[in-house]
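Peer 1: can you look at this prediction? I've put the sequence above it.
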Amino acid sequence: MKKVVLILITLLFLSSGFKVTGVDTNSKMKAIFIMNFTKLIEWPKSYREGNFVVGVVGESPLYIELTKMSKTKRVANQSLQIKKFRSTKDIVKCHILYVSLDKSDDMALVLKKVKSNSTLIITERKGLMDKGAGINFIIKNNRQKFELNKKNVEKYKLKVSSNLEALAFIEK
């Protein structure tokens with residue numbers, strides 16, 4: 001219970017306390033969000049063995065931040081492994097797949113590559129929630145936030161914590 005409270009406080013702090021000054025100067029913040037998503041989403045039992053794989057397709061400074069974190073962080077009892085995919089055809093099985101802005105137009109190909117896997121798809125371009133993304137990073141009032149499409153996440157046999165739902169940005 002203490003762990004969940006700490007995660008919630010961290011996510012609330014990050015989503016409301018930091019101002020974003022540039023297009024991708026918040027890569028470290030996004031990496032922290034992604035690490036917290038690993039605690040608030042449950043993968044099928046077969047995904048809880050071996051390395052916990054986070055893939056980044058395309059070019060993004062987020063890859064560097066995630067790689068730094070992988071040296072000291074774990075996901076439950078799994079080692080964290082970060083993979084970079086230069087194109088959508090290179091994508092292999094992973095727990096989380098971050099689709100960079102430069103690969104956002106390839107969303108249909110991304111979905112084909114992960115369709116039989118239990119993969120959380122994270123994006124950062126408006127409209128991709130309607131095209132299959134589970135989580136989409138957005139900027140609201142100069143602050144990093146995220147949208148959640150629970151239906152898209154559950155389509156891949158993933159369970160979303162109610163705590164994650166409560167933290168997601170909902171357009172009013």
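Peer 2: Sure thing, it's come through.

Peer 1: please enumerate the strands of the protein.
Peer 2: Applying DSSP state E to the chain gives strands spanning 41-42, 52-57, 74-75, 78-85, 96-99, 120-123, 135-140, 143-148, 159-160.

Peer 1: now the helices for this protein?
Peer 2: 2-17, 27-40, 62-70, 107-114, 150-154, 162-167 (DSSP state H).

Peer 1: flag the shaky bits of this protein, pLDDT-wise.
Peer 2: Within the chain, the segments meeting pLDDT under 70 span 1-25, 171-172.

Peer 1: again, 90 this time
Peer 2: Along the chain, the parts satisfying pLDDT under 90 run over 1-26, 140-143, 169-172.

Peer 1: spatially nearest residue to residue 47, not counting backbone neighbours?
Peer 2: In this structure, residue 47 finds its nearest non-sequential neighbour in residue 118, 5.5 Å apart by Cβ to Cβ, 6 or more residues apart in numbering. Placement of C-beta: from N, CA and C, glycine included.

Peer 1: tell me the contacts of residue 35?
Peer 2: 69, 73, 75 (Cβ atoms under 8 Å, 6 or more residues apart in numbering).

Peer 1: no no, residue 140
Peer 2: Each residue near residue 140 by Cβ under 8 Å, 6+ apart is listed here: residue 169.

Peer 1: closest to residue 46 out of the helices of the chain?
Peer 2: helix 107-114 (15.2 Å; Cβ to Cβ).

Peer 1: now do the buried residues in the closest one.
Peer 2: 107, 110-111, 113-114 (16 or more other Cβ atoms under 10 Å).

Peer 1: same deal with stretch 156-167?
Peer 2: 156, 158, 160-161, 164, 167.

Peer 1: got it, and stretch 119-139?
Peer 2: Within stretch 119-139, the residues scored as buried using 16+ other Cβ under 10 Å are 119-125, 128-129, 131-138.

Peer 1: alpha carbons of it, as PDB, please.
Peer 2: The C-alpha coordinates for stretch 119-139 follow below in PDB (Å, rounded to 0.1, in the frame of the first residue of the first chain):
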ATOM      1  CA  THR A 119       2.300  -4.700 -25.400                       C
ATOM      2  CA  LEU A 120       1.500  -1.300 -23.900                       C
ATOM      3  CA  ILE A 121       1.700   1.200 -26.800                       C
ATOM      4  CA  ILE A 122       2.800   4.700 -25.800                       C
ATOM      5  CA  THR A 123       2.700   7.700 -28.200                       C
ATOM      6  CA  GLU A 124       2.900  11.500 -28.000                       C
ATOM      7  CA  ARG A 125       0.900  12.800 -30.900                       C
ATOM      8  CA  LYS A 126      -2.700  13.900 -30.800                       C
ATOM      9  CA  GLY A 127      -5.200  11.500 -32.400                       C
ATOM     10  CA  LEU A 128      -3.200   8.300 -31.900                       C
ATOM     11  CA  MET A 129      -5.400   7.200 -29.000                       C
ATOM     12  CA  ASP A 130      -8.100   6.700 -31.700                       C
ATOM     13  CA  LYS A 131      -5.700   4.700 -33.800                       C
ATOM     14  CA  GLY A 132      -4.700   2.200 -31.100                       C
ATOM     15  CA  ALA A 133      -2.400   3.800 -28.600                       C
ATOM     16  CA  GLY A 134      -2.900   2.900 -24.900                       C
ATOM     17  CA  ILE A 135      -1.200   5.900 -23.400                       C
ATOM     18  CA  ASN A 136      -0.500   9.200 -25.100                       C
ATOM     19  CA  PHE A 137       1.800  11.900 -23.600                       C
ATOM     20  CA  ILE A 138       0.400  15.400 -23.900                       C
ATOM     21  CA  ILE A 139       1.300  18.900 -22.700                       C
END
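
Peer 1: alright, that wraps it up for me.
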